[in-house]
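[1] A predicted structure for the sequence below; I have some questions about it.
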Amino acid sequence: MTDIANNPAPRPFRRATTEPAWLARGLIAAVVLILAVLVLAPLAVVFAQALDKGLGAAAASLFTRDAASAIGLTLIIAAVTVPLNALFGLAAAWAITKFHFRGKALLITLIDLPFSVSPVVAGLCMVLLFGANSAFGAWLIAHDLKVVFALPGIALATLFITFPFVARELIPVMLEQGRAEEEAALTLGAGGWRLFFTVTLPNIRWALLYGVLLSNARAMGEFGAVAVVSGKIRGQTATMPIMIEMLYNEYLSVAAFSMAALLTLLALLTLGLKSALEWRHADQLAATRRH
């Protein structure tokens with residue numbers, strides 16, 4: 001009796017949330033329904049329209065000269081802008097997280113600026129800056145340096161739209177990790193490059209890869225700023241999103257949806273890589289905690 005009095009029976013298990021089960025299931029069903037309507041249904045329509053006249057017709061539309069030019073230009077823009085974004089993101093995150101200086105808040109605000117500015121407005125600003133009606137643009141044209149309605153203008157517009165992604169992935173990770181490991185490495189005699197490649201980079205590699213993948217996806221799918229800067233010249237400055245609009249406006253639905261399906265597959269491939277990296281990162285964290 002004494003033991004029972006001193007050691008009362010344990011309380012029944014209580015759930016962390018008190019919402020009824022029907023509410024949880026209803027919320028899950030609502031989320032799945034919204035995703036099905038807003039994401040899965042449009043994707044299904046894109047692929048169905050692309051294959052409306054068969055796989056051969058869809059494939060043939062992607063091998064025309066204009067389509068091949070649009071695909072090649074999109075890949076070139078991604079190949080140019082993504083490495084530059086990675087370098088800028090690393091530099092910006094390093095400066096913000098490792099140093100104290102005046103204007104740090106302003107720098108963070110400027111990094112976030114492309115998130116708040118319309119891409120069309122960004123493209124228009126570049127036309128006003130580098131176009132023939134500006135003094136700088138006239139000087140560029142006089143020296144046979146074409147920016148607007150050419151590859152450099154498209155690359156600059158894409159860079160402006162995509163440069164926050166890498167920095168925004170790196171800054172929280174580097175803030176959380178602090179500077180203790182770098183300072184310890186410096187006291188042991190590590191140089192700058194050795195410090196970066198042996199201490200900093202291994203700690204931020206997953207965040208860096210996430211940012212690169214997000215930047216790549218946005219670079220390939222950007223439309224607003226590129227549409228203004230490129231001039232939509234078929235076979236020269238038309239990227240894949242612009243070519244999709246042009247084909248759709250010309251009632252070439254199979255060609256338009258075929259290119260849209262290809263762009264969707266590239267986006268899904270990027271998403272798949274990102275998910276694989278997240279799973280691998282989670283597995284490594286779990287293994288580290290076990291040891």
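    Thanks, I have the structure now.

[2] CA only for contacts and neighbour counts going forward, please
    OK.

[3] nearest residue to residue 186 in space, ignoring adjacent ones along the chain?
    Spatial nearest neighbour of residue 186, excluding adjacent residues (Cα to Cα, 6 or more residues apart in numbering): residue 195 at 7.4 Å.

[4] and residue 204, how many neighbours does it have?
    When neighbours are counted by other Cα atoms under 10 Å, residue 204 registers 17.

[5] and if you look at residue 245?
    With other Cα under 10 Å as criterion, residue 245 counts 17.

[6] low-confidence ranges in the stretch 151-291 of the chain?
    281, 285, 287-291 (pLDDT under 70).

[7] does the residue nearest to residue 186 count as helix, strand or coil?
    helix (DSSP: H, G, I helix; E, B strand; the rest coil).

[8] measure it to residue 51 for me?
    Distance, residue 195 to residue 51, by Cα to Cα, to the nearest Å: 53 Å.

[9] need the contact partners of stretch 266-280.
    206, 209, 210, 213, 214, 216, 217 (Cα atoms under 8 Å, 6 or more residues apart in numbering).

[10] contacts only, for the second one.
    Applying Cα under 8 Å, 6+ apart to residue 209 gives the contacts residue 274.

[11] residues of whichever helix or strand it is part of that come out buried?
    Using DSSP states H and E, residue 209 sits within helix 201-221. Using 16 or more other Cα atoms under 10 Å as the test for burial, helix 201-221 gives 204, 206-221.

[12] and the next helix or strand past that helix?
    helix 224-230.

[13] neighbours of residue 22, just the number please.
    Residue 22 has 9 neighbours, counted by other Cα under 10 Å.

[14] for it, what are its contacts?
    Taking Cα under 8 Å, 6+ apart, one finds nothing in contact with residue 22.

[15] can you give me the strands for the chain?
    Taking DSSP state E, the chain contains no strands at all.

[16] max-length helix in it?
    Assignment by DSSP state H gives helix 253-290 as the longest helix of the chain.

[17] now that one and helix 201-221, what's the angle there?
    Put simply, helix 253-290 runs at 170 degrees to helix 201-221, going by axes from the mean of the first three to the mean of the last three Cα atoms, to 10 degrees.

[18] perfect, that will be all.
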